[in-house]
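Visitor: Sequence first, then the predicted structure, then my questions.
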Amino acid sequence: MSLSPFLDEILAAGIAGVPWQKDFANECLRCGRPASWRPALSAPSGMPLEAAWRYLRPENAVPICHKCATRLDWNHSESVRLDAVWGLWGMRFEAFLQWHRAWQDNKLPLLWDRCEYPLWPKEFGGDAWADGSGAMKDADPRPPRGVRRLKRHKDALVRALNTGTLKTYPQRICGKLTTFMDAKNATTLPLTSSLEQ
Ligand SMILES: [Zn+2]
């Protein structure tokens, strides 16, 4: 097999895997106090580093202070983390999530041009930054201001920030996230990646 997918991933990381946290405001999304940007999803075990840098992207992070993290049970509640990051990043998180799931299912598009679309394949996002574009022109880390939020995103934010329980989750969530929740146990199985072949 060609080495080029690996090299293309290294190039994509160089384009889009740049540090951003110190340039972003760090007010807690819930209370406004000084906060840390906390990741929502973790890289599956077995994912090579040249792909796993995407979990460090802002689209997978939410600014939450220590107090609110405790209150929301952030570290232990995947549903709170998913609702918060989904609500904050709207379609940009949906595009990232599609990449995350496609990687886990070994279903990434074979013709993914990682130089033109370093973040995720073209078909996972829209044409504009606010619509989840993963194109080179939209790869610079940007704060979530200006993200287009639909009702499902606003609902998710309310669920994440107004409650610390799982009671309202996940019945009303969209199909993508429900499927993700069903598939999450797959992370304990051996993972194979087309990038490793
Ligand atoms: Zn807070």
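Guide: The structure has been received and is ready for your questions.
Visitor: now the strands for the protein?
Guide: Using DSSP state E, the strands found in the chain span residues 36-39, 61-64.
Visitor: now those as a markdown table including mean neighbour count?
Guide: Glycine gets a C-beta too; all of them are placed from N, C-alpha and C. As requested, the strands of the chain are exported to a markdown table (neighbours: other C-beta atoms under 10 Å):
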| stretch | mean neighbour count |
| --- | --- |
| strand 36-39 | 16 |
| strand 61-64 | 27 |
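Visitor: Figure out which of those strands is closest to the ion.
Guide: Taking C-beta to the ion, strand 61-64 is the member of the strands of the chain nearest to the ion, at 6.1 Å.
Visitor: Given that closest one, what are its sheet partners and their directions?
Guide: Sheet pairing of strand 61-64 (DSSP bridges) gives strand 36-39 (antiparallel).
Visitor: Which residues of the chain lie near the ion?
Guide: Residues of the chain lying near the ion by C-beta under 5 Å from the ion: 28, 30-31, 33, 65, 68.
Visitor: of the residues you listed, closest to residue 145?
Guide: Of all the residues of the chain next to the ion, residue 145 sits closest to residue 28, with 15.8 Å by C-beta to C-beta.
Visitor: What separation do you get for the most centrally placed residue in the chain and residue 116?
Guide: Centroid-nearest residue in the chain, with C-alpha atoms, centre = their mean: residue 60, separated by 3.5 Å. As judged by C-beta to C-beta, to the nearest Å, residue 60 and residue 116 stand 21 Å apart.
Visitor: Ok, residue 76 next?
Guide: From residue 76 across to residue 116, the span is 39 Å (C-beta to C-beta).
Visitor: More neighbours: these two, which one.
Guide: The neighbour count for residue 76 versus residue 116, taken as other C-beta atoms under 10 Å, is higher for residue 116 (13 against 8).
Visitor: What is the neighbour count of the nearest residue to the more buried one once chain neighbours are set aside?
Guide: In this structure, residue 116 finds its nearest non-sequential neighbour in residue 136, 5.8 Å apart by C-beta to C-beta, 6 or more residues apart in numbering. Neighbours of residue 136 under the rule other C-beta under 10 Å: 17.
Visitor: Repeat that for residue 99.
Guide: Using other C-beta under 10 Å, residue 99 has 20 neighbouring residues.
Visitor: show me what contacts it?
Guide: Residues in contact with residue 99 (C-beta atoms under 8 Å, 6 or more residues apart in numbering) are 54, 108, 119-121, 124, 134.
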